[in-house]
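S.K.: Pasting the sequence and the predicted coordinates here, then a few questions.
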Amino acid sequence: MKAFFNVLVVEDDESHAELIKRSFESHQLGFNITIKPSLTASREYLKENHPDVILCDWMLPDGKGIDLIEPKPDDLKYPVILMTSHGNEEIAVGAIKAGALDYIVKSFDTLAHMPDFILRALREWEHILARRKAENKLEQVLFQTVEALALMVEKRDPFTAGHQKKVSQLACAIAKGMRLDAKTEQGIYIASILHDIGKISIPAEFLSKPGKLDPVEFTIIKYHPQIAYDMLKSIEFDYPVAKIVEQHHEKCDGSGYPYGLKKDDILLQARIITVADVVEAISSHRPYRPALGIDAALQEISSNSGILYDPEVVEVCLDLFQNKGFHFI
């Protein structure tokens, strides 16, 4: 831990601010203290400065100190410690859940020993940053592994090279358009990248056959979602990836496979990937036919909205192409 720290104190009570300032001045370590009396003033300061820690009063003239915490606590750029003169357990729990690193009830003793609270919080912050770094590294390895697995399928089926990435591109755009949370979108990305991994067990000549598959061949092809599920079910993703992949050929009217699920029995993530998969497949070249183009693909999902495909997913997908300028890369 370094020996000099920049501390932003957000406190509208001048007497409390003075006590806090004196406690830092008498400490053996170096502290540069900046005091602001409101949220507005502190936000202006933060536009140009990056403190090591923020010590913020719970109640301020223009709002609550908790409002300084970013909407996504996991993305905090600096630790925030909240303090109040009238604390209770409910407020304390709410503050920590919102992302506050610590919660201090003001007293003469706590104000006099504020540097000790700050140093304790900064040690905890170092652990949090180290944990974030390790988690980010693991996440990168996960994505690299997922993409390597997807590449294995494409190597066996060159006619659909890039298909899984294009499906994931559209599926994630639909998820954004539906305002799904980041975690759900991440699960959709992984599932869509892997949605055809079950085809690794399908004979290559079936995948690249230029003519129509016979009933036996098509039956074998239809096993690939179940094969994918068996391959993925033992991997502890944070999302139901194996189930999503297993259901990506199900249709809302029950005419899909492998189980003939209907409507809400199909995971929303799978319903999104189904639409993305159909749009990409129809608009692209296949061994058994030339590319039919994006207009034909959009006509397919539009005419079967509410029958084969989730109507909300279809609506968002059509809007992406017709109004938002989406196109496959």
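M.R.: Structure's in. What do you need?

S.K.: Any regions of the stretch 201-329 of the chain where pLDDT drops low?
M.R.: 207-208, 287-288 (pLDDT under 70).

S.K.: What are the boundaries of the strands in it?
M.R.: Taking DSSP state E, counting those that start in this stretch, the stretch 201-329 of the chain contains no strands at all.

S.K.: Helices along that one, start to end?
M.R.: Along the stretch 201-329 of the chain, the segments classed as helices by DSSP state H, counting those that start in this stretch run 204-207, 215-221, 224-232, 241-246, 268-283, 294-303, 311-322.

S.K.: export those helices to CSV and tack on mean neighbour count and distance to Ser85?
M.R.: (Each C-beta comes from the backbone N, C-alpha and C, glycine too.) Listed next are the helices of the stretch 201-329 of the chain as CSV, based on neighbours: other C-beta atoms under 10 Å; distance: least, C-beta to C-beta, whole Å:
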stretch, mean neighbour count, distance to Ser85
helix 204-207, 14, 70
helix 215-221, 12, 69
helix 224-232, 20, 53
helix 241-246, 25, 49
helix 268-283, 24, 46
helix 294-303, 16, 59
helix 311-322, 18, 49
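
S.K.: Thr184 is nearest to which of those?
M.R.: Among these, the nearest to Thr184 by C-beta to C-beta is helix 268-283 (6.8 Å).

S.K.: Report the distance from the strand or helix carrying His127 to the chain centre.
M.R.: Take DSSP states H and E as the rule and His127 turns out to sit in helix 114-156. Remark: helix 114-156 is offset 13 Å from the chain centroid, using C-alpha atoms, centre = their mean, to the nearest Å.

S.K.: Over to stretch 31-40?
M.R.: That offset, for stretch 31-40, works out to 33 Å (C-alpha atoms, centre = their mean).

S.K.: buried ones in it?
M.R.: Residues of stretch 31-40 classed as buried: 31, 33, 35-39 (neighbour count, 16 or more other C-beta atoms under 10 Å).

S.K.: Quick one: mean pLDDT for it?
M.R.: Mean pLDDT, stretch 31-40: 91.

S.K.: what's the span of it from first residue to last?
M.R.: End-to-end distance for stretch 31-40, by C-alpha to C-alpha, to the nearest Å: 23 Å.

S.K.: how about the helices of the stretch 201-329 of the chain, which one is nearest Leu101?
M.R.: Closest among the helices of the stretch 201-329 of the chain, using C-beta to C-beta: helix 241-246, at 32.8 Å.

S.K.: for that closest one, packing partners?
M.R.: helix 182-193, helix 224-232, helix 268-283 (3 or more C-beta pairs under 8 Å, 6 or more residues apart in numbering; DSSP states H and E).

S.K.: Select, out of the helices of the stretch 201-329 of the chain, the one closest to Ser192.
M.R.: Here helix 268-283 is closest among these (C-beta to C-beta), at 5.0 Å.

S.K.: chain center to that closest one, what's the gap?
M.R.: Counting by C-alpha atoms, centre = their mean, helix 268-283 comes out at 20 Å from the chain centroid.

S.K.: Repeat that for stretch 8-17.
M.R.: The gap between where stretch 8-17 is centred and where its chain is centred comes out at 37 Å by C-alpha atoms, centre = their mean.

S.K.: Restricting to C-alpha, output it in CSV.
M.R.: Extracted in CSV, the C-alpha atoms of stretch 8-17 (Å, rounded to 0.1, in the frame of the first residue of the first chain):
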residue,chain,number,x,y,z
LEU,A,8,-12.4,13.4,-1.1
VAL,A,9,-14.6,14.3,1.9
VAL,A,10,-18.2,15.2,1.0
GLU,A,11,-19.6,16.8,4.2
ASP,A,12,-21.9,19.8,4.5
ASP,A,13,-21.5,20.1,8.3
GLU,A,14,-18.5,22.5,8.8
SER,A,15,-17.7,21.3,12.3
HIS,A,16,-17.7,17.6,11.2
ALA,A,17,-15.6,18.5,8.2
